[in-house]
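*Asks:* what shape does this take:
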Amino acid sequence: MKSYSEQYAAYGNALEEQLRLECGRRFVPGSAVGEAARYSLMAGGKRVRGVLTLAFCDLLDGDRNTAAAFGAAVEMLHCYSLIHDDLPCMDDAATRRGQPSCHKKFGEATALLAADALLTEAFEVIAASGAQNAQAAAAVACLARAAGGRGMVYGQELDLAFEQKQPSEQELTLIHTHKTGDLIHAAGLLGVLASAHTPQDEEECGAYTRAVGLVFQIVDDVLDCTSTAQQMGKPVGSDAAAGKITFATLKGPAAAMQQAQQLTERACERLTGVYGGRAEFLVELARSLAARKS
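*Replies:* This next block holds a predicted model:
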């Protein structure tokens, strides 16, 4: 039986291989847009969303090939969102994953097009995955709903709207439920959709991923106050410099981390109560994300 770190590495390797395949299939050789998309997509990262897809598929003894395609799609869509997030009209970030952000490397126009290509190609990856028609349709709907005007994009809209305001904890939670949490929720649900499953499986996945998504953002906010750009691979301290309210500035880093730990343990207890030892990897994943330093 593989250890947690070995299993995470195995999932990561499977995703990297799938993403390399998709880059070869989806972009015209020599295209500047394709080069920019590949530059951002293959720059590493934790691949948390794709790992969630594979882990929930394995939890339910699903089809790993289908899940690998679904996981690649969610990583492509996540990458598009990061390219947009780094643009001058959004967060204006100069670095991402320890290297120049896409628009700094290729220019704003090419970066914008590369992000658009990643977004749209992600749905073809699902359509071409070999999944059954109903399964593929459900996966497309899941990802579109999570990323669109009721999901991640809505969260970004709220985040921008509250930049010069003093959001309450409830309002912050609403922002990040959509901006960060919706895509994390979709990633887990895609793994469920790659498997034979029950409504309870969808419900348990939702309870777990909603908690993990909120914890991910809380920890990000704390690290923005306490970590370094070298550790994070991206600029830090920009929220505080702009006077932006985050979970860390609203509650204080210690209280924010206490909330993250409580959310994590409740999610882990619930998942273990339903799936027992089969959920061990997902339990360790949630705990490692709550304890991460980058």
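*Asks:* so R266 touches A211, yeah?
*Replies:* Yes: between R266 and A211 there is a contact at 6.8 Å, judged by CB atoms under 8 Å. To be clear about C-beta, it is placed using only N, CA and C from the backbone, and glycine gets the same treatment.
*Asks:* could you pull out the strands for this structure?
*Replies:* For the chain, the strands defined by DSSP state E occupy 95-96, 99-100.
*Asks:* how far off centre is the first one?
*Replies:* By that I understand strand 95-96. 16 Å (CA atoms, centre = their mean, to the nearest Å).
*Asks:* which residues touch A186?
*Replies:* By CB atoms under 8 Å, 6 or more residues apart in numbering, A186 lies in contact with V74, C142, L143, R145, A146, A147, G151.
*Asks:* surely the fifth one touches V153?
*Replies:* The one in question is A146. No: with contacts counted by CB under 8 Å, A146 stays clear of V153, the gap being 9.9 Å.
*Asks:* between the two, tell me which one has more neighbours.
*Replies:* When neighbours are counted by other CB atoms under 10 Å, A146 and V153 differ, and A146 comes out ahead with 23 against 17.
*Asks:* report pLDDT for the residue sitting nearest the centre point of the chain.
*Replies:* Closest to where the C-alpha atoms of the chain average out (CA atoms, centre = their mean) is R49, at 4.5 Å. Model confidence at R49, expressed as pLDDT, equals 99.
*Asks:* counting neighbours, what do you get for the spatially closest residue to it that is not a sequence neighbour?
*Replies:* Spatial nearest neighbour of R49, chain neighbours left out: A187 (3.8 Å); criterion: CB to CB, 6 or more residues apart in numbering. A187: 32 surrounding residues under other CB under 10 Å.
*Asks:* what's the answer for N133, then?
*Replies:* When neighbours are counted by other CB under 10 Å, N133 comes out with 8.
*Asks:* renumber starting at 3 from here on
*Replies:* Okay, residue one is now 3; in that scheme the one you just asked about reads as N135.
*Asks:* list the contacts of it.
*Replies:* So N135 contacts nothing (CB under 8 Å, 6+ apart).
*Asks:* what does A117 give?
*Replies:* Taking CB under 8 Å, 6+ apart as the test, what A117 contacts is A39, C81, Y82, S83, I85, H86, C104.
*Asks:* before we move on, back to that, now, of the strands of the chain, which is deepest in the fold?
*Replies:* Highest mean neighbour count among the strands of the chain (mean count of other CB atoms under 10 Å): strand 97-98, with a mean of 20.
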